[in-house]
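> no FASTA, just this:
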């Protein structure tokens, strides 16, 4: 009795990939349904922007930060050029 191992391997590969693909398609539909249900029954009320307590950074002068970053990059480039 001769068994074609390549043919059997291809059958198992196709079966496995088909099962994974089917699972992923089912999972996508389940997640979309879950999102629709959550959006319908647990919708968040829109927040008004005027009474928002969100933290907002104060405007600052970034010249010192830009200068420090530029100096660090130049120093790194000089070190790299001296090694090579």
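Perfect, I can see it now. A quick note: this is a predicted structure, and the numbers were derived from the prediction, not measured.
> On the three-state scheme, residue 60 is what?
Following DSSP: H, G, I helix; E, B strand; the rest coil, we place residue 60 in the coil state.
> likewise residue 23?
helix.
> for it, what are its contacts?
By CB atoms under 8 Å, 6 or more residues apart in numbering, the contact set of residue 23 is empty. Where you see a C-beta, it was placed from the backbone N, CA and C, and this is true even at glycine.
> roughly how far apart are it and residue 81?
54 Å (CB to CB, to the nearest Å).
> what do you get for residue 69?
As judged by CB to CB, residue 69 and residue 81 stand 19 Å apart.
> likewise residue 72?
15 Å.
> Residue 14 too?
56 Å.
> Next, count neighbours for residue 39.
For residue 39, the neighbour count with other CB atoms under 10 Å is 10.
> roughly how far out does the helix or strand hosting it sit from the chain middle?
Applying DSSP states H and E as the criterion places residue 39 in helix 5-41. Its chain's average C-alpha position is 21 Å from that of helix 5-41, according to CA atoms, centre = their mean, to the nearest Å.
> now swap in stretch 67-76 and tell me
Using CA atoms, centre = their mean, the offset of stretch 67-76 from its chain centre is 31 Å.
> Report the buried residues of it.
For stretch 67-76, the neighbour count (16 or more other CB atoms under 10 Å) marks no residue as buried.
> which residues touch it?
Outside stretch 67-76, no residue is within contact range by CB under 8 Å, 6+ apart.
> mean confidence for it?
Averaging pLDDT along stretch 67-76 yields 93.
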